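# Need coordinates for the following:
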Amino acid sequence: MVFTMAAVAAAAVPADTRAVLAERVVKLTRDSFWKPVASVPIKFTTYHPQGMVKIGETLFVSSVEIQVRTKRLVEPLDRYDRDTGRASVTCSRSI
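Reported below is the predicted structural model:
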């Protein structure tokens with residue numbers, strides 16, 4: 001749901017602007033410097049945010065609440081090095 005809304009919003013931006021943005025995103029690395037330019041107070045627990053989109057004045061945040069942490073397996077099982085743990089997924093909105 002979040003990605004669909006973001007795709008619709010991106011379609012409204014001129015193609016040349018999207019191309020410049022895409023070029024900049026491709027150049028990002030783990031060492032890229034991020035400078036905060038604004039912040040939005042959120043009145044709910046965010047747990048581990050996965051995706052965010054702002055539509056008008058409403059901010060939607062999808063997140064995962066880890067209930068049982070994963071545990072590393074002694075031997076990989078079906079190419080996995082840890083068990084699944086347990087988590088719940090939420091989608092919240094802030095107005």
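
# Just give the strands next to the longest strand seen in the chain in its sheet, each with its orientation.
Secondary structure of the chain read by DSSP state E shows that its longest strand is strand 58-68. If you go by DSSP bridges, strand 58-68 pairs up with strand 48-55 (antiparallel), strand 86-94 (antiparallel).

# So in the protein, where's the weakest helix or strand by average pLDDT?
helix 2-11 (a mean of 50; mean pLDDT, DSSP states H and E).

# Across the sheet, point out what pairs with residue 89.
The partner residues for residue 89, given DSSP bridges, come to residue 64.

# re the thing from before, how distant is the longest strand of the chain from the center of its chain?
Averaging C-alpha positions (C-alpha atoms, centre = their mean, to the nearest Å) puts strand 58-68 9 Å from its chain's average.

# After that strand, which helix or strand is next?
Following strand 58-68 in sequence order, the next helix or strand is strand 72-77 (DSSP states H and E).
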